[in-house]
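**Student:** sequence unknown, structure follows:
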């Protein structure tokens, strides 16, 4: 039994009546082995536009799997995901343009490429128009205090600095929704303040953030809602 | 942004990234070029021992084999680099960034063949130049410029093989040995180092069912005027045919392999 289940009885999240959600999941099920219980069991979830939502759960509860499905990285066994009506497979490009995803961990960087090189690379992968790339890169460098490190290779950065590079890539292309999987990892106090500030500004412009981690109660940010994954089900705390 | 513009942007992104990584290792280009020079020099001295038909002189065989070495360099690069790169991308976690990018993994992976291909051509050209300057290999200058479009056409016919191996890599995670096997097999049946006429009749059909034999024959004709076993126009048509048929099939295979990995949740595994 998980900690959350002991604290208060779970309330299964229902689809809201209002159509204010920007990112929705309907009946999402994922099972890793046929004879095992599903890691995600028919999840319904909606991320209201302009909100900051927390998603927590014990290790192995399926948070990262759920985020990967929302990000279009994994496909569910059944159920569907939609970003403002866009399907992650059929309308892949438009979906990914409007989504930012920062995976957990320290990877997904090229050791011998500079900080600025990474951001420029991502700006191209994000298919930003050539005229917008430089502005987007400069903005991201400034947002995450990476200007002094712009020319440094990432294998010569601290883990916290690398995390700021990864975060900058998540926000660089101006997505409408950002999915953050344990984004505070390795960040020092100043780094966390930076991240909070970026999220505040992001939400201020009507955009949406899903912050995922083992425990997201005391982030130092005001959450609009907090959900927990328990035994493959999503419960609202 | 149109699909073509997206592909160009992707190719540009991959090229710049691969170039930045390549030049960050000092001496890598020199080592690579030196390896090509050593191969050319080795075969120069081996060619001194050759006095068999259809080669009139050792110099004929030397010219024959230098072009073969150059093409082998391209084939190894095309077939070997993409699976290795996919393996690295999966290991470092950078592949998932490609999957969630607006560019997408299929365009991204096909774009990844660009830098290794251009590098292989650079190595091939310098190896041929080394053979010309140091060992006096004669070039057929009148048709040398035509080798450029022929090489481009050959590349479009070769890349699908890399993409097929890349698709296998997405599913099995270890397909580098498959690329190696294909390269070794091709060097045997495509006439890279010896004429296919020397092969036993029962295996010679394998020379006809892939684009590498017409490519190497055509480039030999254009570069060093080696006689062809078929008209040049037929070789060009074969290359076009392989490119037109195989490219969409390879892309479809890669797309399906990525979809399978996304479904199984192995797209982030290595």
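**Tutor:** Alright, I've got the coordinates. Bear in mind that the values here come from a model prediction, so they are computed numbers and not experimental data.

**Student:** make it CA atoms for all contacts and neighbour counts henceforth
**Tutor:** OK.

**Student:** In contact with residue 187, which residues?
**Tutor:** You didn't pick a chain, so chain A it is. A:160-161, A:163-164 (CA atoms under 8 Å, 6 or more residues apart in numbering or on different chains).

**Student:** My question was about chain B, not that one.
**Tutor:** Contacts of residue B:187 (CA under 8 Å, 6+ apart): B:72, B:193.

**Student:** hmm, back to that, within reach of chain B, which of the contacts of residue A:187 are there?
**Tutor:** Counting by CA under 8 Å from any CA of the partner chain, the subset of the contacts of residue A:187 that neighbours chain B is empty.

**Student:** Next, format those residues as JSON lines and append neighbour count, secondary structure and pLDDT.
**Tutor:** Shown next, in JSON lines, are those (neighbours: other CA atoms under 10 Å in any protein chain shown; DSSP: H, G, I helix; E, B strand; the rest coil; pLDDT from 0 to 100):
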{"residue": "A:160", "neighbour count": "17", "secondary structure": "helix", "pLDDT": "95"}
{"residue": "A:161", "neighbour count": "21", "secondary structure": "helix", "pLDDT": "96"}
{"residue": "A:163", "neighbour count": "25", "secondary structure": "helix", "pLDDT": "97"}
{"residue": "A:164", "neighbour count": "28", "secondary structure": "helix", "pLDDT": "97"}
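
**Student:** Longest helix in chain B, by number of residues?
**Tutor:** Longest helix of chain B, by residue count under DSSP state H: helix B:58-92.

**Student:** Quick test: name the residue nearest the centre of chain A.
**Tutor:** residue A:179 (1.4 Å; CA atoms, centre = their mean).

**Student:** Need the three-state assignment for it.
**Tutor:** When classified by DSSP: H, G, I helix; E, B strand; the rest coil, residue A:179 comes out as strand.

**Student:** Show the pLDDT at it.
**Tutor:** The model reports residue A:179 with a pLDDT of 98.

**Student:** Next up, the contacts around it.
**Tutor:** Neighbours of residue A:179 in contact, by CA under 8 Å, 6+ apart: A:67, A:71, A:99-102, A:209-212.

**Student:** What's the local residue count around residue 233?
**Tutor:** You didn't say which chain, so I picked chain A. 23 (other CA atoms under 10 Å in any protein chain shown).

**Student:** let's do chain B instead
**Tutor:** Neighbours around residue B:233, by other CA under 10 Å: 10.

**Student:** same check, this time on residue B:140
**Tutor:** 15.

**Student:** wait, it sits on residue B:220?
**Tutor:** No - counting by CA atoms under 8 Å, residue B:140 does not reach residue B:220; the two are 9.6 Å apart.

**Student:** The stretch 1-150 of chain B against chain A: which residues are in contact?
**Tutor:** So the stretch 1-150 of chain B meets chain A at B:1, B:6, B:9-10, B:13-14, B:17, B:20-21, B:24, B:92-104 (CA under 8 Å from any CA).

**Student:** List the ones among the residues you listed that fall in helices.
**Tutor:** Using DSSP H, these in helices are B:6, B:9-10, B:13-14, B:17, B:20-21, B:24, B:92, B:94-99.

**Student:** Can you tell me which of the residues you listed are classed as buried?
**Tutor:** Buried by 16 or more other CA atoms under 10 Å in any protein chain shown: B:6, B:9-10, B:13-14, B:17, B:92, B:94-99, out of those.

**Student:** Name the member of those residues with the shortest distance to chain A.
**Tutor:** Nearest to chain A, judged by CA to the nearest CA, of these is residue B:94 at 3.9 Å.

**Student:** Thought residue A:103 was touching that closest one, still the case?
**Tutor:** No - Residue B:94 is beyond contact range of residue A:103, at 10.4 Å (criterion: CA under 8 Å).

**Student:** And residue A:51, how close does it get to chain B?
**Tutor:** Plainly put, residue A:51 is 22 Å away from chain B if you go by CA to the nearest CA, to the nearest Å.

**Student:** For that residue, which non-adjacent residue is closest in space?
**Tutor:** residue A:208 (5.0 Å; CA to CA, 6 or more residues apart in numbering or on different chains).

**Student:** Going along the chain from the longest helix seen in chain A, find the next helix or strand for me.
**Tutor:** Ordering each helix of chain A by length in residues (DSSP H) puts helix A:189-204 first. Going down the chain from helix A:189-204, the next helix or strand is strand A:208-213, by DSSP states H and E.

**Student:** Can you give the distance of that following strand from its chain's centre?
**Tutor:** The chain centre lies 5 Å from the centre of strand A:208-213; the measure is CA atoms, centre = their mean, to the nearest Å.

**Student:** What strands line up against whatever helix or strand comes next after it, and which way round?
**Tutor:** Per DSSP H and E, the first helix or strand lying C-terminal to strand A:208-213 is strand A:225-230. Strand A:225-230 pairs in its sheet with strand A:52-57 (parallel), strand A:233-236 (antiparallel), by DSSP bridges.

**Student:** So for the last one, mean pLDDT?
**Tutor:** Looking back up the chat, that one is strand A:233-236. 91.

**Student:** where's it relative to the chain centroid, distance-wise?
**Tutor:** Here the centre of strand A:233-236 is set off from its chain's centre by 18 Å, with CA atoms, centre = their mean.

**Student:** go on, stretch A:184-197?
**Tutor:** Counting by CA atoms, centre = their mean, stretch A:184-197 comes out at 15 Å from the chain centroid.

**Student:** Buried residues in it, which are they?
**Tutor:** A:184-187, A:191-192, A:194-196.

**Student:** Tell me which residue of chain A lies closest to chain B.
**Tutor:** residue A:108 (3.9 Å).

**Student:** tell me the SS of that residue?
**Tutor:** With three-state DSSP as the criterion, residue A:108 was assigned coil.

**Student:** For chain A, just list every one of the strands.
**Tutor:** A:11-12, A:21-30, A:40-48, A:52-57, A:78-83, A:99-102, A:177-181, A:208-213, A:225-230, A:233-236 (DSSP state E).

**Student:** Quick check: mean pLDDT of the first one?
**Tutor:** Spelled out, it's strand A:11-12. 44.

**Student:** do the longest one as well
**Tutor:** What strand A:21-30 shows for mean pLDDT is 96.

**Student:** And chain B, is it touching that?
**Tutor:** No - Strand A:21-30 lies out of reach of chain B by CA under 8 Å from any CA, never closer than 9.3 Å.

**Student:** State the mean pLDDT of stretch B:245-253.
**Tutor:** Mean predicted lDDT for stretch B:245-253 stands at 95.

**Student:** I would like the residues contacting that stretch, please.
**Tutor:** B:106, B:156-157, B:159-161, B:163-164, B:167.

**Student:** In the chain, what helix or strand scores lowest on average pLDDT?
**Tutor:** Just going to use chain A. The weakest-scoring helix or strand in chain A, judged by mean pLDDT, DSSP states H and E, is helix A:3-7 (a mean of 39).

**Student:** my bad, the chain I had in mind was chain B
**Tutor:** Quick look at chain B via mean pLDDT, DSSP H and E: least confident is helix B:176-189, a mean of 81.
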